[in-house]
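Asks: Here you go, sequence then predicted model.
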Amino acid sequence: MSPTNGVYSGKLPESVGIANTAIQWSGVEWTMVMWPMPEFRQPRTRLLLHECFHRIQSKIGLSPKDSSNNHLDTRDGRIWLQMEWRALERAIWSQGPTRYKAIADALYFRAYRRSLFPGAAASENALELNEGLAEYTGVKLSSQSPEEFAMLADSTLRQAPDRHPNFVRSFAYDSGPAYGFLLDVTGDNWRRGITLQSDLGQLLARAYAVHVPEVGQEQAAQRARFYDGDEVIALETRRDRDRQAKLADARKRFVDGPVLILPVGSQFNYGFDPNNVVGIDESSTVYLGSAQVSDTWGVLKAANGFMLVRQSGRVVRVQVPAPSDANARPLQGDGWTLDLEKGWTTRAGDRQGDVVLQQAH
């Protein structure tokens, strides 16, 4: 990089994906934002502060954890997430007993949803403590008054179903500001006690002395009627029919058909659109659209997406449709290209047609 009129400029290595994120490069922690930035002050400041939080979060004991929330692309996952949001929205604009009831309902919907999906609490908490707190920071510090903060937290929840095709990676951006606002108005300095084991729902329950009783379907449905739950259920039932077709196509391309398997190593990095994600199951997630993945083996450029496979919550491999010729260089397949670094080669996989990337002996 070189200075020009007091501003350093240069070209990033090809292995560094361009995204709104925080990265470590050349021994320095950086905040990266894509140009052009939002034209207006509030969304521009919000974006910058969100990404600045990511740059410092490890220093304050909140190192980001990767998590998969594919259950939030299912019918029931989406229904009870939106019921939680509707109750939180009611709480933001209420006072006294009405706010208390809305918070109690939101936490009931949250607990009921998590009871349906083993492991959901841990995976949801991980993303809320990462993206949720980052977005809360951006919204709060870009607001010029408590009233503006309330309006932004409210509108974020209200617009989320229309703004996000799915909630697998995006939900925490919507819930974080709402939980943060409701915790802030208590006057308690709750942020000082945040750790990687924290749960925003438990913090809110403690702050408002809410006890969540044992959850069940009948009680959840009864509470949901107060927030037009029948409307949400009907819309999500119709959406799920379309989702099944999309899921079948993703399975065909990234699971059932021949694939290229790329191991995840020490330099793994990837960029993706959090609004264009398909959850195959709790361990496999397809990121659709244009994306880039890099590691010690090189740089994968995918126009039609890629799949990540996790074990015990950790990403262990990347999958794309198998290459047309495993001996060709660069490697190429359906919508992707891969320039291999020296010392890497391919071999046949366990299934017919599969190809595995490995270090040359």
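Replies: That came through fine. Keep in mind it's a predicted model, so treat the numbers as computed, not measured. Numbering: from 1, shown residues only.
Asks: only C-alpha atoms for contact and neighbour calcs from this point on.
Replies: Fine.
Asks: residues in contact with the residue nearest to the spatial centre of the chain?
Replies: For the chain, the residue nearest the mean C-alpha position is residue 169 (2.3 Å; CA atoms, centre = their mean). Contacts of residue 169 were listed using CA atoms under 8 Å, 6 or more residues apart in numbering, and they are 68, 69, 127, 274, 275, 277.
Asks: Now with 6 Å, please.
Replies: residue 274 (CA atoms under 6 Å, 6 or more residues apart in numbering).
Asks: On the three-state scheme, it is what?
Replies: Following DSSP: H, G, I helix; E, B strand; the rest coil, residue 169 is assigned to coil.
Asks: Give me the neighbour count for residue 194.
Replies: Neighbour count of residue 194, defined by other CA atoms under 10 Å: 15.
Asks: residues contacting it?
Replies: Contacts of residue 194 (CA under 6 Å, 6+ apart): none.
Asks: which phi and psi does it have?
Replies: Backbone dihedrals for residue 194, given as degrees, to the nearest 10, come out at phi -70, psi 130.
Asks: And the pLDDT for residue 86?
Replies: Looking at residue 86, its pLDDT stands at 98.
Asks: Pull the number of nearby residues for the closest residue to it other than its chain neighbours.
Replies: Using CA to CA, 6 or more residues apart in numbering and skipping residues adjacent in sequence, the residue nearest residue 86 is residue 227, 6.5 Å away. Residues lying near residue 227 (other CA under 10 Å) number 19.
Asks: now the residue nearest to the centre of the chain: how far from residue 286?
Replies: Note on residue 169: its distance to residue 286, by CA to CA, to the nearest Å, is 11 Å.
Asks: now do residue 143
Replies: Counting by CA to CA, the gap from residue 143 to residue 286 is 35 Å.
Asks: I'd assumed residue 3 was in contact with residue 10.
Replies: No. Using CA atoms under 6 Å, residue 10 is not in contact with residue 3, being 8.9 Å away.
Asks: rewinding a little: between residue 143 and residue 286, who's got more neighbours?
Replies: Between residue 143 and residue 286, counting by other CA under 10 Å, residue 286 is the more crowded of the two (26 against 18).
Asks: Quick check: phi and psi at that one.
Replies: Note on residue 286: backbone dihedrals following degrees, to the nearest 10 are phi -100, psi 130.
Asks: do residue 295 as well
Replies: phi -160, psi -170.
Asks: Same check on residue 307?
Replies: Torsion angles, degrees, to the nearest 10, at residue 307: phi -120, psi 140.
Asks: ok, now how distant is residue 182 from residue 11?
Replies: On the measure of CA to CA, residue 182 and residue 11 end up 43 Å apart.
Asks: no no, residue 3
Replies: Residue 3 sits 13 Å away from residue 11, taking CA to CA as the criterion.
Asks: who's more crowded, those two?
Replies: residue 3 (9 against 6).
Asks: Tell me what the more buried one is bridged to.
Replies: Here residue 3 sits in beta bridges with residue 8, going by DSSP bridges.
Asks: Mind checking what secondary structure the nearest residue to residue 111 once chain neighbours are set aside has?
Replies: Spatial nearest neighbour of residue 111, chain neighbours left out: residue 215 (7.0 Å); criterion: CA to CA, 6+ apart. Under three-state DSSP, residue 215 falls in the coil class.
Asks: where does residue 215 land on pLDDT?
Replies: Per the predicted model, pLDDT is 98 at residue 215.
Asks: now stretch 354-361, how far from the centre of its chain.
Replies: Remark: stretch 354-361 is offset 30 Å from the chain centroid, using CA atoms, centre = their mean, to the nearest Å.
Asks: Likewise for stretch 90-101?
Replies: Counting by CA atoms, centre = their mean, stretch 90-101 comes out at 28 Å from the chain centroid.
Asks: okay, how far is it across it, tip to tip?
Replies: 9 Å.
Asks: contact partners of that stretch?
Replies: Residues contacting stretch 90-101 (CA under 6 Å, 6+ apart): 102, 103.
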